Each structure stands twice: as structure tokens, then as C-alpha cells.
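Trainee: Predicted model and sequence follow; I will ask about them next.
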Amino acid sequence: MKLFRTLFLLLLVSPVVLAEQSVETDRYIIHYNAFNSSIVAPEVAQRHNLLRSRYTAMLNIAVFEKQKDGSKQAIKAVLSGNVANLMQQTQQISFTPIKEDKALYYIGSFNFGNEEIMHVTIDVQPDPNQAATKIRFDQKFYTE
């Protein structure tokens, strides 16, 4: 929860606009966002063994299951993904789960160059008996 609060506070004070997006299915809500890792506080990065660099982006994903009472509950999921730049140079993304209190987040990272547009593809599979939800988006990243 502290990581989420830290990231949320950084969103409020950061001059860079960070958009959180989501995908909703009949059973799940998947929140995701990507940002330059240098905005993460050094102590938070150290506590969770995350690499901070102006040339490294982080991808933050949280998966929630819709409950019958209308609430949502953070759940585990299997994630895989990759990013590619305009020259089709591809990097695989591996995700690290971070659990704090009732919160569960997955953080992945990848490298980029200044003003580089990255094509991000993520497969999120909360239920091993169902097909993964595919998320695709493009985002331009800045080193400053």
C-alpha cells in the first residue's frame, strides 16, 4: 500500500503526466500504467529491489476481481509481456509481485531512449482456466 500511495503522490506532484488506464472484463478489472522509474523514491525502490534510472520505465499492474457486493478484491494473476521500439527491437518484461497489506501489484521494467515510442503488449491471466486478457498500448518515454 505504501508503494501505491507513493506512486499516487508522485502522480499528483510530478510535472510529467502519467495516465492510469484500465481494462474491464465480466469478472476482472485490470489497472495499468507506465512511467519513468526515476520518479520512484530511492527508499521505495531499494525496499522493493526496483531499478531506478532515467533510461528505465516501470510498468505497474493491479488485477481486481469483482465481488457480488460490488466491491473489488486484489487477486493474483500470471503476467507476461514485451515492449518493442519503432525499429522492432524487443525486450521481454518479467513482473515482480509486491504485496502490502491487502494490496497486490505487479511491477515490470524495461529500457528506453529519450523520446522513444514503445509498443507495450501484456498478457494478464487471473484464471488459469481462461484465456489471458491482452493489453496493448503505445507510449512515448522521456529521460528528463
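Mentor: Perfect, thanks for sending it. Numbers count the residues shown, from 1 in each chain.

Trainee: which residue sits closest to the most centrally placed residue in the chain, ignoring its sequence neighbours?
Mentor: By CA atoms, centre = their mean, the mean C-alpha position of the chain lies nearest to residue 60, the distance being 1.8 Å. What sits nearest to residue 60 in space, not counting adjacent residues and going by CB to CB, 6 or more residues apart in numbering, is residue 33, at 5.4 Å. Quick note: C-beta positions are derived from backbone N, CA and C, even for glycine.

Trainee: again with residue 73
Mentor: What sits nearest to residue 73 in space, not counting adjacent residues and going by CB to CB, 6+ apart, is residue 65, at 5.3 Å.

Trainee: did I read that right, that neighbour in a strand?
Mentor: Yes. Counting by DSSP: H, G, I helix; E, B strand; the rest coil, residue 65 is part of a strand.

Trainee: contacting residues around it?
Mentor: Going by CB atoms under 8 Å, 6 or more residues apart in numbering, residue 65 touches 27-28, 72-73, 75, 126.

Trainee: From residue 144, how far off is it?
Mentor: Going from residue 65 to residue 144 by CB to CB, to the nearest Å gives 39 Å.

Trainee: Equivalent analysis for residue 87, please.
Mentor: Where residue 144 is concerned, residue 87 sits at a distance of 22 Å (CB to CB).

Trainee: circling back to that earlier point, just checking, which of the contacts of residue 65 belong to helices?
Mentor: The members of the contacts of residue 65 all map outside helices under DSSP state H.

Trainee: Now neighbour count, pLDDT and distance to residue 81 too, for those residues, in CSV please.
Mentor: As requested, the contacts of residue 65 are arranged in CSV below (neighbours: other CB atoms under 10 Å; pLDDT from 0 to 100; distance: CB to CB, whole Å):
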residue, neighbour count, pLDDT, distance to residue 81
27, 12, 96, 21
28, 19, 97, 17
72, 14, 96, 22
73, 11, 96, 23
75, 14, 97, 18
126, 19, 97, 15
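
Trainee: Check those residues against residue 42 and report the nearest one.
Mentor: Nearest to residue 42 among the contacts of residue 65 is residue 75, at 30.1 Å by CB to CB.

Trainee: from what I can see the closest one touches residue 66, true?
Mentor: No. Applying CB atoms under 8 Å as the test, residue 75 and residue 66 come out as separate, 10.3 Å apart.

Trainee: This completes my enquiry, with thanks.
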